[in-house]
Each structure stands twice: as C-alpha cells, then as structure tokens.
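1. From the sequence below, what's the structure:
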Amino acid sequence: MADLSETSERTIAPVPRITIQAFCETGETAAMIEGAALDRRMQKAQVKVRMGGGAAAIEAYRHAPTPNVIVIETQGSRSKPIECLDVLAEFCDEGTRVLVIGHLNDVALYRQLIHRGVSDYLMAPVEPLTLIAAISDLYTAPGVKPVGRTVAVYGVKGGIGASTVAHNFAWSVARDQGVQTVIADLDIAFGTASLNFNQDPPQGIAEAVFAPERLDSALVERLLSKCSDNLSLLSAPASLDRTIDLSEPAFDALIEYMRASVPCVVLDVPHQWNAWTKRVLTAADEILIVAGPDLACLRNAKNLLGALKHGRPNDQAPRILLNGVGVPKRPEIGAAEFSKALEAPIALTIPFEPTLFGTAANNGQMIAEIQSGSKVADLFNDLAAATLGRPEARRGRPSLLEPLLAKLASAKLPGRKAS
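-> The predicted structure follows:
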C-alpha cells in the first residue's frame, strides 16, 4: 500500500505527455484530482475527471479505447472493487495503468488489487502531490519501460506518398485512438509536415540535430508545436541554407527523449538509404513500409525487408502498405500478387483518391478533416488501431436498442425463461 508521506521532501519528476482519466465517488477526491491537474508537474498530461467510480469506468470503455492511466475511487466493499476491476480488465488496452484510491486500510484488499494488475493503491484522503508522485513513478522510476513507442514510416520510392500516410496515421492515432502523439519530420531539407498541418513554427528538428550539446527535455518541449489536443509536431525547416550530412547516431538522443515522454512518436523518415536512416528504421518499435503497385516498388520493398530482417531478427515484421491503388488505365500489380512475391501480407491498401488527397494537401488538412466518414479516413483509423494493438478500430456507440436486443436473445437460449 502506497506510503508517500515523504513526497514533499523529494523531487517529483514531471508526468510525461499522457492521458489520465479519473472516475470518482466523492466530490472531495474529484476536486483533489482537478487541483492536481493544475500543478506544473502535470502540465504535459491531459486529465479528465468523471463521477461514478468503477461502474462508470466500465461503461466508458465498453466502446472506447482506454487512456494511459485510469484512476478509480472505491468506497469499500459496497463499490465492489474486485468485481469492477475484473470486468474492466476485459476492455483495458495493453499498457494502460490503473491506480485505485480507496477508503479501506485493508492489506488483503491491497494484495488482491495488486494481483489483478493495479499499479498502486492510495488511501483517501489523498494529497495532490501524493497522486502526482504515484503517477510520475509509473513512468520515471528506475527500470520502468519508456512511456512510448516509435513508429517509423518509410517509402520505398520517392513520391510514393509516405509522408502523407505518416501524417494521417499520426492524426488518427491522436484523434481517433486518443493517444498523445508527436509526428517528427526527419526530412530536414524537404520536409512537408509543417505544410500538411498548416503550421509555421519558428523552430524545429534542426535545432536539436545540429546542436546536440543543447539537447534536453526542456529544449524538445520548446521545439514542439501543437496541432491538436493530442498531437504535436516536430517540424523540419525545409531549407537548403546548409548541406545535410548527418552522422549515424544523429537522431538517437532526440528520439529517446521523445520516447521517454510521449506515448506514440511517429517518425516520417525520408526516402534515403544511408547510415542514419537505416539506424532509425532498425531501432523503431514498428515500421510501416509504403509502396505503390508497380515493379520498382516491389523490388525495393523486397530488398528493404531483407535488409531490415538482419538488424531486427526478433521484431515484428514491418507492415506493408500499398498506396494509390486503382489509377485509371494504369497497369498495376494486384495486392495478392504483390504479397505473394514479397512473401509478406499487405496490411493496408489505400485507394487512389486524387480529389480527396489533393484538397487535403492544398488546405493543409488531414483526410479526416476533409471527409471524416470517407473510406480512406476509416482505413487510417484501422491502421492506427492495429498498430497500437487494439483489435477494433471503430467501436460504434451502443444502440439504444442494445439492452432490449440482448434481453430478447438471452430469452431464446435453451433452458432459459424470458424475464
């Protein structure tokens, strides 16, 4: 059971750029969490407070992805904490941490909660600094895994649309999946992320790469520009005032800083093949390879898969995306044939939609902003969900008739009478 009475006497590391949702049973605890959210150490985190305790949390996540941290207040046995956690576990995404604020000083209850994967149990009333320290320790204590994962997006041929895929993918991760995300444009000379997001930040990735001695978490925060509540951009200057001759580990420190504080870092890797691009791809947690349905892309994709396999023998294979499929009158290699030649599945096929993509590019918007219900927007959402390990990309809102239909279905089961 957490004993953080000395919290004020030690340094509390800032909470990383995560999402936190609390479900309270008392107004006092709700007010405490809202107050804690205003603390300087919580300024990167996105905090939402609701009432209803564990039961409300279960209803909230039946049809929605879970945040990085769930805080649940329970008032003893009448709140049925063990039963609630068992049900909640069915809906929790991998990586979600759960903190429980309880009103019982019960060692047996504490052990049951920890056995079920609860990260910590705090005795009410809880001080704001105690809660902040408990959340901070989940991500900054020695030996814990980094908060985030890196997803590298790479096109096997110039002009294949890999940057567009990277930006829309990052947007879907942030907006549709509710995950705090940074899109990092690694194409220092010709990057397009600032254009696609209609941003004009005065600083960007070059300041971190060309002055590594200045690099720290504070500098990284200053370089980020906010695109939406959950999405930030680390843009490229897209300037030719100097040649770009980068060393192999040029991006190592920057990526590690971001990975330590952001749940998802999307790396828009330019179409080059040199020491640093190979290093970035090899070190990424996930790789999305963007190709077109033609022979050159097939050859390049096959070569790339072979090259990456040597450096990533124990990692999941890159996901292959076919982009711009269905150009009128253009002979194309079909997805099935492409997959057979690669000896790898095609994770996603993105259709040729010139008006939709062209309008989005010219407006500095994402596909979902132009046409939220389009097939292409849904495909990016599917890709985001699959990459995050979530089985369902689009969990529809529950129908008002759902309880009635469930009741009727159960009534038809053999041996059971309708109630």
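2. okay but A335 is in contact with A344, surely?
-> No: taking contacts as Cβ atoms under 8 Å, A335 lies outside contact range of A344: 11.6 Å. For the C-beta atoms, the positions are set from N, CA and C on the backbone; glycine is no exception.
3. Ranking helices and strands of the protein by mean pLDDT, which lands last?
-> Ranked by mean pLDDT, DSSP states H and E, the weakest helix or strand in the chain is helix 402-411, scoring a mean of 43.
4. Show me what stretch 267-286 is in contact with.
-> Under the criterion Cβ atoms under 8 Å, 6 or more residues apart in numbering, residues 149-158, 160, 162-163, 166-167, 183-187, 190-191, 193, 246-252, 255, 287, 307-308, 311-312, 316, 318-319, 387 lie in contact with stretch 267-286.
5. go on, stretch 324-337?
-> 160-161, 292-295, 298, 322, 341, 346, 349-352.
6. Can you turn the buried subset of those into a selection I can paste into PyMOL?
-> This is the PyMOL syntax for the buried subset of the contacts of stretch 324-337, where burial follows 16 or more other Cβ atoms under 10 Å:
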select buried, resi 160+161+292+293+294+298+322+346+349+350+352
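7. Quick one: distance of the one helix or strand E256 maps to to the chain centre.
-> Using DSSP states H and E, E256 maps to helix 252-259. Helix 252-259 has its C-alpha centroid displaced from the chain centroid by 16 Å (Cα atoms, centre = their mean, to the nearest Å).
8. Give me the buried positions along that helix.
-> Buried residues in helix 252-259 (16+ other Cβ under 10 Å): L254, I255, Y257, M258, R259.
9. Sort out for me which of the contacts of stretch 267-286 are in strands.
-> R149, T150, V151, A152, V153, Y154, G155, I183, A184, D185, I287, R319 (DSSP state E).
10. State the helix or strand in which A13 lies.
-> Short version, using DSSP H and E: A13 is in no helix or strand.
11. The closest residue to D39 other than its chain neighbours: how many residues sit nearby?
-> Closest residue to D39 apart from its sequence neighbours, by Cβ to Cβ, 6 or more residues apart in numbering: I132 at 5.9 Å. Number of residues near I132 (other Cβ atoms under 10 Å) recorded here: 23.
12. and the one helix or strand I132 maps to, how far from the chain's centre?
-> For I132, the host element (DSSP H and E) is helix 128-140. Averaging C-alpha positions (Cα atoms, centre = their mean) puts helix 128-140 21 Å from its chain's average.
13. Which elements pack onto that helix?
-> Counting contacts by 3 or more Cβ pairs under 8 Å, 6 or more residues apart in numbering; DSSP states H and E, helix 128-140 is packed against helix 27-36, strand 69-74, strand 97-102, strand 120-123.
14. Identify the bridge partners of R50.
-> Taking DSSP bridges, one obtains F23 as the residues bridged to R50.
15. Let's see the pLDDT reported for it.
-> pLDDT, R50: 95.
16. Run a quick neighbour tally on it.
-> 13.
17. same thing with A218?
-> Residues lying near A218 (other Cβ under 10 Å) number 10.
18. Three-state assignment for it, please.
-> With DSSP: H, G, I helix; E, B strand; the rest coil as the basis, the three-state label of A218 is helix.
19. All further residue positions should be reported with the first residue as 21.
-> Sure thing, new numbering starts at 21, so read that last one as A238.
20. Quick check: it vs E357, distance?
-> 51 Å (Cβ to Cβ, to the nearest Å).
21. one step back: tell me the angle the helix holding E276 makes with strand 169-175.
-> With axes from the mean of the first three to the mean of the last three Cα atoms, to 10 degrees defining the directions, helix 272-279 sits at 120 degrees from strand 169-175.
22. and helix 272-279, what other elements does it pack with?
-> Counting by 3+ Cβ pairs under 8 Å, 6+ apart, helix 272-279 packs on strand 169-175, strand 201-205, helix 225-229, helix 237-243, strand 284-289, helix 295-303.
23. Would you single out the least confident of those?
-> Taking each of those in turn, the lowest mean pLDDT turns up on helix 237-243, with a mean of 86.
24. CA atoms of that helix as PDB?
-> Extracted in PDB, the C-alpha atoms of helix 237-243 (Å, rounded to 0.1, in the frame of the first residue of the first chain):
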ATOM      1  CA  SER A 237      13.800  17.600 -22.400                       C
ATOM      2  CA  ALA A 238      13.100  21.300 -22.000                       C
ATOM      3  CA  LEU A 239      14.500  22.100 -25.500                       C
ATOM      4  CA  VAL A 240      12.400  19.300 -27.000                       C
ATOM      5  CA  GLU A 241       9.300  20.700 -25.400                       C
ATOM      6  CA  ARG A 242      10.100  24.200 -26.800                       C
ATOM      7  CA  LEU A 243      10.600  22.800 -30.300                       C
END
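25. before we move on, back to that, possible to save the helices and strands packed on helix 148-160 as JSON lines with mean neighbour count and mean pLDDT?
-> Compiled in JSON lines, those are given as follows (neighbours: other Cβ atoms under 10 Å; pLDDT from 0 to 100):
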{"stretch": "helix 47-56", "mean neighbour count": "18", "mean pLDDT": "95"}
{"stretch": "strand 89-94", "mean neighbour count": "26", "mean pLDDT": "94"}
{"stretch": "strand 117-122", "mean neighbour count": "23", "mean pLDDT": "93"}
{"stretch": "strand 140-143", "mean neighbour count": "21", "mean pLDDT": "92"}
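26. Just put the ones you listed in CSV and tack on distance to L158.
-> Shown next, in CSV, are the helices and strands packed on helix 148-160 (distance: least, Cβ to Cβ, whole Å):
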stretch, distance to L158
helix 47-56, 14
strand 89-94, 7
strand 117-122, 5
strand 140-143, 8
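27. Please identify which of those is closest to D398.
-> Nearest to D398 among the helices and strands packed on helix 148-160 is strand 89-94 (27.1 Å), distances taken as Cβ to Cβ.
28. If you compare the directions of that closest one and helix 47-56, what angle comes out?
-> 160 degrees.
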